[in-house]
Each structure stands twice: as C-alpha cells, then as structure tokens.
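Q: Quick one: sequence plus predicted model below, questions after.
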Amino acid sequence: MRDALRSTLDSRVGLYTLGVLAHLGLLLAWYLFVRLGDVPKFVMPSPADTFGALLKPNYDWWKNTLVTATEIFAGYGMALVVGVLLALAFTWSKLLEALALPLLVTLNMIPKVALGPLIIVWFKYGVFPNTLIAFSIAVFPILLTTARGLREIEPDLLDLVRSLRGSRWQTFTKIQLPGALPYVFSGMKVGAILAVAGAIVGEFLGSDRGLGYLMLQVQVTLDTPAMFMAVILITLIGVVLYGLVLALEHWLVPKDARIG
Amino acid sequence: MTTEPFIHLAGVRKVYRRGRQEHLAVSDATFDVMPGELVSLVGPSGCGKSTLLKVLAGLHPHDGGEVRIGSATHPFAPERDIGMVFQAPLLLKWRRILENILLPAELLGLPMREARERGRELMAMVGLAGNEDKYPYELSGGMQQRAAIARALIHDPKLVLMDEPFGALDALTREKMNLELLRIWKESGKTIVFVTHGISEAVFLGTRVVVLTAGPARMADNFPIELPHPRTLDMKTHEAFGVYTRRIYKLLGME
C-alpha cells in the first residue's frame, strides 16, 4: 500500500491522476453538501442545477464568455508587451531606470480597481476600458520582475564575456535576456491572475457585455445557478491563460532555472 | 634559460578610487612567467591577487609599471588568448553542458562545427564524457568546475587565468581537482596563472609561487617550486614541501 502510494507520487501520470481526483472530490463534496444539507437552490445550487443554467439561451453564455476572454487576453497581452519592453528600455538607459523605477513602485501602490471609475469616464464603457483595467493591473508584476531579472547578472560572468571582448549585444542576447526569462515568467504568473480580476471588476463597474455583466443581471433575479456558472467560466478562462503561461515556461525554461 | 618570458610584469600598480578615497590594490608587482608555466599567486584576502588577475585579463587598466604578455615565439592576441575560471562555475543554467562550454567560441565567432568537435574532446579530457546533454544542476560542484575549465579552453587560449577555482569545493574534491588540473595543464601545455589563498595548494600546483601580502598590498616574494613532476599527493608530506609552505607562512606573518 505504502509502496503503491510512493510510486504514484513519483510518476507523472500518477500525479495528474491525483490532481483530477482532487477536482472530482470537490465536485462530490459540493453535491453532497447541497443534497444532504438540503440547501435552498437560491443560496447554493447543486452542480446539476449550475450546469443546467447553461441551457438558458437568453444568457448568451458563449458570447459573454468570448467578451470576457477577449478583455483578459488582450489586457494581458498588452501588459506582457509593454512590461517587457519597458524593462528592456531600462537596461539600455540607466537614467530612464533611475527616473522611472521609483515612480513605478509608487504607481504600483495605487489600487488599480480604484482607477476603474476613472477609466470608464475617459473611455466610456465596453470592451476597451475593461481591457485597460486588466492591463493596468497585470503590467506591474511583469515589468518589475523582468526589470529585476535583467539586473541579476553575475559580475564575474560579465568579466568572462569582457575578457573575450564580447559585445554588449552578445551579453544581452546570450546572458542577460535568457537569464531574465525565469523572472519574466514569475511576473507573468502573478499578472495572469490579476488580469482576470481586472477584467471582471471592469465589467462590474460598467459594461453591457461579459460574464461580470451577466452576473449582475442574474443577481437581480436571484438566479444563483447562473451566477455560479459565470464564476466557473471566469475561472476556466483564468485556468486556460495560466496553463498557457506554464506550458510556455515549461518549453522555454529548464527545470532548475524556474522560480516562483 | 634562453626563451623569453610569456608574461613580464615590472612594478605594476593598481589604485582604486572611490570618491576622494584612494585604495592601493596592487603595488610593485614584478615577476615573469615562462611559456607553459603554472604560476600560483597566493596571499590573504585584500592582497590584490584577484585584481592582478583582472589586470592580466585586460579587464582593468593598471596605473603604473609595465605589463607585457606575449613574445616573439609565443604571440598573444588579448581578445582571444585568455581563458578564465572563477570560484563559481558560472555555467548558464538554461544551457546544456556542451552548449555552456561552447560559449566563448560563440562570442568569438569561431566555426561552430569544429568548436563542437573540440568541445567534446575537451569534455573527455576533463572527465565529463557522456554529460554533454545534461543541465548544470544535474552535475556536482566539482563536475561543474570541470565544465568551467573546459569552457576556458574551448577557444584554445594561450593563457588561462584561474581565480580560486576550487575555493568552494570540499577538501577531498579539491585535492582531486588539483591532481586533475595538473594533468590537464600537462596535456594542454597552457600557461596558467592560478590565484589561491591556500598555501599548500599554491605550492602543490605551482612551478613558481608569487606571494602577495595585504595592508598595504605589495608583492612579498617570487620563487620557483622545484618539486618533480608529475606531482603526487604524498609529496605534501615531504621535507621540501614543508620548507616551501613554511617560507610562505613566514612571509604572511603567520609563524
């Protein structure tokens, strides 16, 4: 029995199986809680009721999911491009870094959610302002960790390159950039979680589409199963994004170099 | 000896300035290194031995005296004739071992097909055959340092500079690596400057030992080690070995 457990924990398939089992276990616990506790549907629907909400066509599940996913992925993509490019700019200009970095630390302290109402004033409501909110909240961890990763370079390694008269470009492409990659991914993982939250907050604040908007609509009619379903779909979008980041990291960064 | 020295240092000085403070890191370093010699630079922390190595590597300009590397018979091209090994292996975590060893060849733009071939040969020479496709974390500290030595040799430099390369290894691995280094040195025929604070290591490895003292930094002595080659560990118990180490302890005021 013990040996079987050990070999399960050591094998990759075994670990995946356990992960899937844990999820199924949660579903089961949810079902049993509602069933045995006799919980009213409007407080907590059963898994069956929740998935049943998908059958209501007037909720436009597919369209709303697509809208929210667009906001999250677009905002996250912008955050990735802007964050990494700005961090790269810092390595080329010490002055820029010295000016911008303290400012960014301060700006990072602004609760980005508080910017939501402003962004909506500036850009009306819709997909674009929600994308911007997702961007503004996801860009900081990516920018700050990338900047840090680019700075982490062993002085002796620099000497080694200089002793061979290696160019700045070679130092950058062969050592600095690949060395910063684990940090980029560390920031990307934090950013992925925040981007999801940002887009939903945007939809709460003012929107006519998306899963966050839908949640507010069905809340009025106390359609709790639909609210549950919306939360599940939002989570799934986040899981897909996070999974893509992990897969990319797995592909680009060898095991020992990964952080966070 | 009729051959010209490969390295000639005369009255070399190096001063670091921080604001208005001046700090004398090296003074009056005067010694010659013959082609194919393995010279140990030994001294306590702050004696300027690492600084001197960086001057030799062309990483720091010196502030006085003469530094000449190369001779008519052994020409020296500073941009491609230096190999460096540091206390940390400094292998790139994201590259496999062979790819790590090829780094200097890439930086110098050497033909990669031949470099790859040579990389494999060097890996065999330093005892790493079969580990070409491993990542650094899969290797022990001693093996990583072997890879660092192979990397320092990949572009066939005339001069190899080593800055306490075995300082982070445990005592047994260190002794083993000392023997390995002597073998690699004999096989490759390189001129090596080896910085260490280990007195016994300096004597065991060196054909010559240069002793540096700290506070103020200056060169205290320079003498040949006339122990036979190949060196064996039991020589450390020989009378002659003790004479050399005592001489260094005395110079460093530790007797």
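A: Noted; the coordinates are in hand. Numbering: from 1, shown residues only, chains lettered A, B, ... in the order given.

Q: Please count neighbours and contacts with C-alpha atoms only from this point.
A: Fine.

Q: Now do stretch B:224-244: everything it contacts.
A: Here stretch B:224-244 makes contact (C-alpha atoms under 8 Å, 6 or more residues apart in numbering or on different chains) with B:179, B:182, B:200, B:203-209.

Q: Among these, name the ones in strands.
A: Within the contacts of stretch B:224-244, residues falling in strands by DSSP state E are B:208-209.

Q: Out of the contacts of stretch B:224-244, the closest to B:T51 would be?
A: B:T51 lies nearest to B:V209 out of the contacts of stretch B:224-244, by C-alpha to C-alpha, at 16.8 Å.

Q: Grab the nearest non-local neighbour of that closest one.
A: Of all residues not flanking B:V209 in the chain, B:S40 sits nearest, at 4.8 Å (C-alpha to C-alpha, 6 or more residues apart in numbering or on different chains).

Q: one step back: Throw the contacts of stretch B:224-244 into CSV and include pLDDT, thanks.
A: Output for those, formatted as CSV (pLDDT from 0 to 100):
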residue, pLDDT
B:L179, 93
B:L182, 94
B:S200, 93
B:V203, 95
B:F204, 95
B:L205, 95
B:G206, 94
B:T207, 95
B:R208, 95
B:V209, 95
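
Q: Need the contacts of stretch B:224-244 in CSV (columns: neighbour count).
A: Formatted as CSV, the contacts of stretch B:224-244 follow (neighbours: other C-alpha atoms under 10 Å in any protein chain shown):
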residue, neighbour count
B:L179, 17
B:L182, 19
B:S200, 17
B:V203, 25
B:F204, 26
B:L205, 21
B:G206, 23
B:T207, 21
B:R208, 23
B:V209, 26
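
Q: Can you give me the neighbour number for A:V113?
A: Using other C-alpha atoms under 10 Å in any protein chain shown, A:V113 has 19 other residues around it.

Q: before we move on, the earlier item: among the contacts of stretch B:224-244, which lie within helices?
A: B:179, B:182, B:200, B:203-205 (DSSP state H).

Q: out of those, what pair is the most spread apart?
A: Spatially, the most separated pair among the ones in helices among the contacts of stretch B:224-244 is B:L182 and B:S200, at 14.5 Å (C-alpha to C-alpha).

Q: Got phi/psi on B:P61?
A: The phi and psi values for B:P61, taken as degrees, to the nearest 10, are phi -70, psi 150.

Q: same thing with the one 3 residues further on?
A: The phi/psi pair for B:G64 (degrees, to the nearest 10) reads phi -180, psi 160.

Q: For it, give me its contacts.
A: Neighbouring residues of B:G64 by C-alpha under 8 Å, 6+ apart: B:11-14.

Q: cool, A:E97 as well?
A: Neighbours of A:E97 in contact, by C-alpha under 8 Å, 6+ apart: A:89-91.

Q: Closest one of these to chain B?
A: Proximity of those to chain B (C-alpha to the nearest C-alpha) peaks at A:T91, which lies at 19.8 Å.

Q: Show me how far whichever strand or helix holds A:G212 is from its chain's centre.
A: Per DSSP states H and E: A:G212 is located in helix A:211-220. Its chain's C-alpha centre and that of helix A:211-220 lie 22 Å apart, by C-alpha atoms, centre = their mean, to the nearest Å.

Q: Tell me the spatial nearest neighbour of the residue in the stretch 151-255 of chain B that chain A sits nearest to, not counting adjacent residues.
A: Per C-alpha to the nearest C-alpha, B:A152 is where the stretch 151-255 of chain B lies closest to chain A, at 9.3 Å. The shortest distance from B:A152 to any non-neighbouring residue, by C-alpha to C-alpha, 6+ apart, is to B:G83 (4.2 Å).

Q: for the strand or helix carrying that neighbour, packing partners?
A: Here B:G83, judged by DSSP H and E, is contained in strand B:82-85. Judged by 3 or more C-alpha pairs under 8 Å, 6 or more residues apart in numbering or on different chains; DSSP states H and E, strand B:82-85 is in contact with helix A:155-163, helix B:141-153, strand B:159-163.

Q: How about the secondary structure of B:A129?
A: Here B:A129 is recorded as coil under DSSP: H, G, I helix; E, B strand; the rest coil.

Q: Could you measure from it over to B:M143?
A: Counting by C-alpha to C-alpha, to the nearest Å, the gap from B:A129 to B:M143 is 11 Å.

Q: The two: which is more packed in?
A: Using other C-alpha under 10 Å, the more surrounded residue of B:A129 and B:M143 is B:M143, with 19 against 13.

Q: which ones are touching the more buried one?
A: B:L128.

Q: mind running it again at 10 Å?
A: Counting by C-alpha atoms under 10 Å, 6 or more residues apart in numbering or on different chains, B:M143 touches B:89, B:126-128, B:131, B:136, B:149, B:173, B:177.

Q: what do you get for B:P78?
A: B:P78 neighbours (C-alpha under 10 Å, 6+ apart): A:163-165, B:56-58, B:69-70, B:157-159.

Q: That one belongs to a helix, doesn't it?
A: No. B:P78 is assigned coil when assessed by three-state DSSP, not a helix.

Q: Need the phi and psi values for it.
A: Main-chain torsions, B:P78, degrees, to the nearest 10: phi -60, psi -30.

Q: how far away is it from B:A72?
A: Distance of B:P78 to B:A72, computed by C-alpha to C-alpha: 15 Å.

Q: about what we covered before: list only buried entries from the contacts of B:M143.
A: B:89, B:126, B:128, B:131, B:136, B:149, B:177 (16 or more other C-alpha atoms under 10 Å in any protein chain shown).

Q: B:Q144 is in contact with the first one, correct?
A: Just to be clear, that refers to B:P89. Yes. Contact criterion C-alpha atoms under 10 Å: B:P89 and B:Q144 qualify, at 5.9 Å.

Q: Mutual contacts of those two, please.
A: Common contact partners of B:P89 and B:Q144 (C-alpha under 10 Å, 6+ apart): B:P136.

Q: still on that earlier bit, right, so of the helices and strands packed on strand B:82-85, which gets closest to A:D49?
A: Checking the helices and strands packed on strand B:82-85 against A:D49 by C-alpha to C-alpha gives helix B:141-153 as the closest, at 58.8 Å.
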